[in-house]
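Asks: Below are the sequence and a predicted model for it; my questions follow.
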Amino acid sequence: MSVPLPNPVPFDEAVRLLKAGEVCAFPTETVYGLGADATRAEAVLKIYQTKQRPRFNPLIVHCADLDMARAIGVFDPTAEKLADLWPGPLTLLMPLRAEAGISDLVTAGLTSVGLRIPASALARDLIAAVGKPLAAPSANPSGRISPTNAGQVRALFDDGLPVLDGGPCQTGVESTIIAVDGGQVVQLRAGGLPRDLIEDHVGEKIAQAEADSAVRAPGMLKSHYAPRAQLRLNAQSPKAGEGWLGFGAGDQKAEHSRNLSPAGELAEAARNLFAYLHELDAPGVNMIAVAPIPETGLGEAINDRLRRAAAPR
Ligand code: TXA
Ligand code: MG
């Protein structure tokens, strides 16, 4: 008889599992990650299997500190400058060191690696305790919305996945991905660190990759982050039978309704976005109408995720 998994798992158990080459979900400030030791192929393989993720889609490597990151990536002066913004919701793509010891499965055979030092102290403590960089995509089955609390992780995998509970994620959308290549800086994914903030820090404008340049960030497929329900964006009000995802003052009457931020604050909206999509998606709503969200600051990431969620599948 198999003993049911005690879930969420305590910190020491999460460390033990990861050291043993198993997967374990853990919190970061952006979304929950599905972690495994990035240096062990058999451990990383379990991430792809658990998520049913296509093998050509590389994984972000999470580091406890800059020393760990520098042993994996080749930091040019631009990357060094950007790394000042760590810890935080920022992933930097840079050339992979040949001697880094990272499994080929992590980079999907590419010569670049995505590195990030999370702002979540619990995440950094976990990585430090394991003593290895952790490869971690968002802890959702491929194509589904990323989880921002431990309960969502458990629900997404029918409680079949051990998860370290760190409470709700503070940022709520995935990290901003920036490629640094020969001094050229390109944003491949809008995310938790707003582009204008990064531009202020580096003192130059950052180009955005074409909406569908799946070439450089293979995971940025258009239909992604998909709830079961369809989404109708930039709606002024819900139609009969639709769920409603509001933003700002002036609530709408709908049987299933959430407001991302009654005060119209983008940080609050980002924090609530995936949880509310999960919640509205649950009771069999077929269409969710979504209020307009400003494109500024974190609004870039929020609108990006909404457009992907609304894209035809
Ligand atoms: O906030 C986040 O970034 C979360 C937390 C867990 O850290 N992680 C996350 O991972 O969103 P994931 O796998 O869902 O998205 C990572 C994206 C994918 O689009 C992938 O293609 C891209 O990063 N990526 C990772 N490594 C890459 C590489 N070496 N070259 C190009 N793209 C890369
Ligand atoms: Mg993901």
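Replies: Thanks, I have it. Numbering: from 1, shown residues only. Ligands and ions are numbered 1, 2, ... in the order given.
Asks: By neighbour count, which bits of stretch 108-121 are buried? Give me those.
Replies: Of the residues in stretch 108-121, A108, L110, S112, V113, G114, L115, R116, I117, P118, A119, S120 count as buried by neighbour count, 16 or more other C-beta atoms under 10 Å. Backbone N, C-alpha and C define where each C-beta goes, glycine included.
Asks: Which of those residues fall in strands?
Replies: S112, V113, G114, L115, R116 (DSSP state E).
Asks: Identify each buried residue in the stretch of helix or strand A301 belongs to, please.
Replies: Counting by DSSP states H and E, the element that carries A301 is helix 299-310. Along helix 299-310, these residues count as buried under the neighbour rule (16+ other C-beta under 10 Å): G299, E300, A301, I302, N303, D304, R305, L306, R308, A309, A310.
Asks: Name the residues that touch it?
Replies: Contact with helix 299-310 is made by 145, 173-174, 176, 189-192, 194-195, 221-227, 230-233, 260, 266, 269-270, 273-274, 277, 290, 293, 295, as judged by C-beta atoms under 8 Å, 6 or more residues apart in numbering.
Asks: mind listing the strands for the stretch 151-300 of the chain?
Replies: Listed in chain order, the strands found in the stretch 151-300 of the chain under DSSP state E, counting those that start in this stretch are 176-181, 184-189, 207-208, 230-232, 243-246, 257-259, 287-290.
Asks: correction: the stretch 1-150 of the chain
Replies: The residue ranges that make up the strands of the stretch 1-150 of the chain, judged by DSSP E, counting those that start in this stretch, are 24-26, 33-37, 60-62, 90-95, 112-116, 134-135.
Asks: helices or strands next to the fifth one in the packing?
Replies: Using 3 or more C-beta pairs under 8 Å, 6 or more residues apart in numbering; DSSP states H and E as the contact criterion, the neighbours of strand 112-116 among helices and strands are strand 60-62, strand 90-95, strand 176-181.
Asks: do that again at 6 Å, thanks
Replies: Identification of packing neighbours for strand 112-116 by 3 or more C-beta pairs under 6 Å, 6 or more residues apart in numbering; DSSP states H and E yields strand 60-62, strand 90-95.
Asks: winner for burial among the ones you listed?
Replies: When those are scored by mean count of other C-beta atoms under 10 Å, the highest mean neighbour count falls to strand 60-62 (a mean of 28).
Asks: Pairing partners for that strand, with directions?
Replies: For strand 60-62, sheet partners with direction are given as strand 112-116 (parallel), strand 134-135 (antiparallel), following DSSP bridges.
Asks: Let me see the mean pLDDT of it.
Replies: Throughout strand 60-62, pLDDT has a mean value of 98.
Asks: and it, is it in reach of ligand 1?
Replies: Yes - counting by C-beta under 6 Å from any ligand atom, contacts between strand 60-62 and ligand 1 involve I60.
Asks: got the contact list for the closest residue to A36 other than its chain neighbours?
Replies: Of all residues not flanking A36 in the chain, A43 sits nearest, at 4.0 Å (C-beta to C-beta, 6 or more residues apart in numbering). For A43, the residues meeting the contact criterion (C-beta atoms under 6 Å, 6 or more residues apart in numbering) are G21, A36, D37.
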